[in-house]
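> got a predicted structure here, sequence first:
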Amino acid sequence: TFYPVSSVKGHEKTYEMKQASNFNGYIGAADSLVSFSPEFAGIISSLLGRVVVADNLDNASVIARALGYRIRIVTLDGQQINAGGSFTGGSAKRDSGMLTRGAEITRLESESKQIESEISDIINKVSLFQNDINKIETQKRSLDEQIKITETLMNSELSQLSEIKSKLDLNERLLKNLYSDSEKINELTQNSEEDISRMERELSQIEIKIKNISEKRTEIDVEKYEIEEKLDNISEKLNAHLIRKTELRKDVESAENYVSDSENKIAEIKSNISMRNEKIASLDYKIKTFSSKEEQNRNEYAAVSNVIAALEAERAETDKNSLDFEKKLNEIRQKIRNVNNRKELSLRAHTQNESKLSSMRGEFDKMTSRLWDEYELTHSGAVALGYPKVTEENRTKIAAQLNDYRQRLKNLGNVNVGAIDEYSEVKERFDYMSSQINDLETSKNELLSIINSLETEMKNEFINVFEKINKSFNEVFTELFGGGSAELVLLDPNEVLSCGIDIKAAPPGKMIKNMMLLSGGEQAFVAIALIFAILKINPSPFCIFDEIEAALDEVNVVRFADYIKRYSDNTQFIVITHRRGTMEIADRLYGVTMPQRGISRVLSLDPNNIGNKNSIINR
């Protein structure tokens, strides 16, 4: 290949070449890693400008995959990833000429002689070492035997010693256990007697306590009835006190309103008195001021005297009214104090009644909770049951009945209160599963009937088609072989869908009972005959044969080709073959060749246009 300096130009760096520098393992572009004269820059750039050098194949694979396999990458050990994604690599084959081979033979012969001498020395040393090893192994075997005998004797003695020690320890432990058991038995005997006496005393005490508790319970029931009556009376009195309290509160409020009004009036009167005192003071000042003019103003003085007299009378009347008002105010205050005292007494009584009521309610709540915990009944529910009231006469009898019922409940054990719900759930599930099972049984019967009908139809169809193929097989076999006979035989006529099929074929002039006695070409020809028999009964639009005539001789290949040609009007045959007889009857031939490594080329040939220069078409 010639690269003219005047015409060869370099390549510019592509986007992918620039992006490759951002990845790990990138070393550089190939044209930047070699030395050359400047006048050859264009040639070097055109050859190596689009080649990237990476350190190893793993990093090169990552770079090529990221850049879409658009550039060529070479590793330091000579592996290549071509543009498009193909990999080139492996070991390089060395060229060897006659001269290099002779020199290498001479060198190898000298090396071989040297190695042989070294090997002989090593063999001598190995023989000497082997003799020493044999002696040492003999000594070792004798010592090992002595050691084994000594170990056996020692193990037997140790085993006897351990057995004797174990027996001794066992006897000592048994003796200790017997002593401890005897002591425990004595202690248990004493403790059991003490426990029996103590339990008898506790039993008598418990009986006395039970009797006292029953008596106290009777007294508590009586007290409870009395407390309930007192509670009713207290509630009635409380209601009366509350009503009285409300009335007194209203009286107090009206009295307080009256007192506030009176205080307002007193304030007004006091303000009027002060104003009038001021007026009197001003008039006295005027009298003193105009005393020199007494004679002149006598008439005025007389009028003023009258006014003063009237004011004095009014003042006296006002003082008298203020005294009466003070008396009334004191009486009202005394009434308020009395009302407050009565109010405090009522509050004390109300507080006491409230505490008693809360304690009684607590007792009532305890009894109600006990009723619910023991019998799961509310108070209203227990009353609604209609049982007779407990009195002093029937209290003992009812207590005995209660204990009897409790004992019966304990004997019944735990009651599953959710048994009814569980039964309903299980019953519903049982009904549902039963209906599902019935549906499945019905579906199963229907499917079995359908399967039976399908199998019957399949058997009939299979037998009809099998008979046709068998007849066609004999005809095709006779045509291909030029005589003879062939047939298909069912191994089990009763089970046509699952049994095997035996092929019996007898070429002309032969009596064959087993297909294995036929040659390879004859077996292949029998299979071809069977294929054409099936195609004759059930034609196909096209068939692909892959070298099915490879084992046939030339005469049978011609017969096979003629038979394909006969059926090619209705069926298209695509045949992969290397036989000339098959290619001669083809309407079109296609060949695949590889002029360059990794590049395939398809050639097409029309046999009808053989002799024409343009008969071969490149693809």
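The structure has been received and is ready for your questions.

> mind listing the helices for this structure?
15-20, 41-48, 57-66, 98-289, 298-375, 379-384, 395-412, 419-481, 520-537, 554-567, 580-584 (DSSP state H).

> name the residues of the last one that come out as buried.
Yep, that's helix 580-584 we're talking about. Taking 16 or more other CB atoms under 10 Å as the basis for neighbour counts, the residues of helix 580-584 that come out buried are 581-582. The C-beta positions use only the backbone N, C-alpha and C, and glycine is treated the same way.

> about what we covered before: select from the helices of the chain the stretch with the lowest mean pLDDT.
Across the helices of the chain, the stretch with the lowest average pLDDT is helix 98-289; it has a mean of 70.

> which pLDDT value goes with the closest residue to Ala83 other than its chain neighbours?
Distance criterion CB to CB, 6 or more residues apart in numbering; nearest residue to Ala83, sequence neighbours excluded, is Arg72 at 5.3 Å. According to the model's per-residue confidence, Arg72 sits at a pLDDT of 88.

> pretty sure Arg72 is in contact with Ala54, am I right?
No. In this structure Arg72 lies outside contact range of Ala54 using CB atoms under 8 Å: 11.0 Å.

> higher neighbour count, these two?
Ala54 (25 against 17; other CB atoms under 10 Å).

> how many residues are close by Ser45?
Applying other CB under 10 Å, we find 21 residues neighbouring Ser45.

> could you do the one 10 residues further on as well?
As a burial measure, Asp55 scores 14 neighbours (other CB under 10 Å).

> show me the contacts for it.
Contact analysis of Asp55 by CB atoms under 8 Å, 6 or more residues apart in numbering lists 25, 27, 75-76.

> could you redo those residues as TSV and give each row neighbour count, pLDDT and distance to Glu461?
TSV is the format used below for the contacts of Asp55 (neighbours: other CB atoms under 10 Å; pLDDT from 0 to 100; distance: CB to CB, whole Å):
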residue	neighbour count	pLDDT	distance to Glu461
Gly25	20	88	67
Ile27	16	88	72
Thr75	21	92	64
Leu76	13	90	69
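
> neighbours around Met275, how many?
Met275 is flanked by 10 other residues according to other CB under 10 Å.

> distance of it relative to Asp324?
Going from Met275 to Asp324 by CB to CB, to the nearest Å gives 22 Å.

> pick the one among the contacts of Asp55 closest to Pro539.
Each of these was scored against Pro539 by CB to CB, and Thr75 proved nearest at 57.2 Å.

> which strand residues bridge the closest one?
Assessed by DSSP bridges, Thr75 has beta-bridge partners Ala54.

> is it true that it touches Val52?
No. Applying CB under 8 Å, one finds Thr75 not in contact with Val52, separated by 10.0 Å.

> re earlier: can you pull the contacts of the residue nearest to Ala83?
Residues counted as contacts of Arg72 (CB under 8 Å, 6+ apart) are 50-52, 80-83.

> apply 7 Å and report the result again.
50-51, 80-83 (CB atoms under 7 Å, 6 or more residues apart in numbering).

> now do the same end-to-end measure for stretch 19-35.
Start-to-end span of stretch 19-35 (CA to CA, to the nearest Å) is 24 Å.

> same check, this time on stretch 34-44
For stretch 34-44, the first-to-last residue distance is 9 Å (CA to CA).

> and it, what's buried?
By neighbour count, and taking 16+ other CB under 10 Å as the criterion, the buried residues in stretch 34-44 are 42-44.

> could you do stretch 367-386 as well?
Residues Thr368 are the ones in stretch 367-386 that count as buried (16+ other CB under 10 Å).

> which one among the contacts of Asp55 gets closest to Ser162?
Of all those, Gly25 has the smallest distance to Ser162: 69.9 Å, by CB to CB.

> for the closest one, which non-adjacent residue is spatially closest?
Once its chain neighbours are removed from consideration, Gly25 has its nearest residue in Asn59; the separation is 2.5 Å (CB to CB, 6+ apart).

> give me the most central residue, the protein.
For the chain, the residue nearest the mean C-alpha position is Arg429 (29.1 Å; CA atoms, centre = their mean).

> tell me how many other residues surround the residue lying closest to Ser568 once chain neighbours are set aside.
In space, and not counting its chain neighbours, Ser568 is closest to Asp587: 7.8 Å by CB to CB, 6+ apart. Taking other CB under 10 Å as the neighbour definition, Asp587 ends up with a count of 11.

> pLDDT score for Asp587?
Here, the pLDDT recorded for Asp587 equals 86.

> check the one 4 residues further on too.
Reading off the per-residue confidence, Gly591 sits at a pLDDT of 88.

> hang on, it packs against Arg601?
No. At 8.9 Å, Gly591 does not count as touching Arg601 under the criterion of CB atoms under 7 Å.

> on that earlier part again, the residue nearest to Ser568 and Asn609, how far apart?
From Asp587 over to Asn609 (counting by CB to CB), the distance is 11 Å.

> closest one of the buried residues of stretch 34-44 to Ile576?
Minimum distance to Ile576 across these is 46.3 Å, recorded for Ile43 (CB to CB).

> and Leu448, how many neighbours?
The number of residues near Leu448, taken as other CB under 10 Å, comes to 10.

> ah, wrong one, I meant Val558
The criterion is other CB under 10 Å. On that basis, Val558 has 17 neighbouring residues.

> residues touching the closest residue to it other than its chain neighbours, list them.
Beyond its immediate neighbours in the sequence, the residue positioned closest to Val558 (CB to CB, 6+ apart) is Gly581, lying 4.7 Å away. Remark: with contacts taken as CB under 7 Å, 6+ apart, Gly581 is in contact with 554, 557-558, 561.

> then Glu116?
Applying CB under 7 Å, 6+ apart to Glu116 gives no contacts.

> relative to Arg107, how far out is it?
To Arg107, Glu116 is 15 Å away according to CB to CB.

> likewise for Asn438?
Distance check for Asn438 against Arg107: by CB to CB, it reads 94 Å.

> kindly report the same for Val526.
Look at Val526 and Arg107: by CB to CB, they are 62 Å apart.

> okay, these two: which has more neighbours?
In this view Val526 and Arg107 are compared by other CB under 10 Å, and Val526 has more residues nearby, 22 against 10.

> enumerate every residue touching the more buried one.
Applying CB under 7 Å, 6+ apart to Val526 gives the contacts 486, 503, 505, 518.

> and the last one, how many residues sit next to it?
The one in question is Leu518. By the measure other CB under 10 Å, the count of residues near Leu518 is 17.

> show the pLDDT at it.
pLDDT for Leu518: 78.

> and it, how far is that from Tyr387?
According to CB to CB, Leu518 stands 107 Å off from Tyr387.

> follow-up on the earlier one: among the contacts of Gly581, which ones are buried?
Burial by neighbour count, 16+ other CB under 10 Å: within those this picks out 557-558, 561.

> can I get those residues in JSON lines with distance to Leu347?
Conversion of the buried ones among the contacts of Gly581 to JSON lines gives the following (distance: CB to CB, whole Å):
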{"residue": "Val557", "distance to Leu347": "132"}
{"residue": "Val558", "distance to Leu347": "136"}
{"residue": "Ala561", "distance to Leu347": "131"}
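
> out of the contacts of Arg72, list just those in strands.
Among the contacts of Arg72, the subset assigned to strands under DSSP state E consists of 51, 80-81.

> by neighbours, which of these wins?
Of the ones in strands among the contacts of Arg72, Ile81 is surrounded by the most neighbours, 24 neighbours in total, counting by other CB under 10 Å.

> show the pLDDT at that residue.
The score at Ile81 is 88. That number is its pLDDT.

> and if you look at Cys543?
According to the per-residue confidence, Cys543 scores 90 in pLDDT.
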